[in-house]
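Asks: based on what follows, work out the 3D shape:
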Amino acid sequence: MPQKVLTWYNQQGDRYLTAEEREQRERQRADRLAAQLKAAGIEPEV
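Replies: Just a heads-up that it's a prediction; the model follows:
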């Protein structure tokens, strides 16, 4: 059954991300940063 979701937009018409979307983007950003550090010879701490 489809779920209804209330979506918020700012004055410029950009949609605010949900908590799950923000978490996913932050995880992806952290993964990209870790890959860049490894490529530079730096082992990131986990």
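Asks: excluding its backbone neighbours, what's nearest Asn10?
Replies: Computed as C-beta to C-beta, 6 or more residues apart in numbering, the closest residue to Asn10 that is not its neighbour in sequence is Tyr16, at 6.8 Å. Heads up, the C-betas are built off the backbone N, CA and C, glycines and all.
Asks: thought the one you found was touching Leu6?
Replies: No - with contact defined as C-beta atoms under 8 Å, Tyr16 does not reach Leu6; the gap is 10.6 Å.
Asks: okay, the two: which has more neighbours?
Replies: More crowded of Tyr16 and Leu6, by other C-beta atoms under 10 Å: Tyr16, with 10 against 4.
Asks: ok, back up a step: need the pLDDT of the residue nearest to Asn10.
Replies: In this model, Tyr16 is scored at 97, pLDDT.
Asks: now do the contacts for it.
Replies: Shown in contact with Tyr16 (C-beta atoms under 8 Å, 6 or more residues apart in numbering): Thr7, Trp8, Tyr9, Asn10.
Asks: one more time with 10 Å, if that's ok
Replies: The contact partners of Tyr16, taken as C-beta atoms under 10 Å, 6 or more residues apart in numbering, are Thr7, Trp8, Tyr9, Asn10, Arg22.
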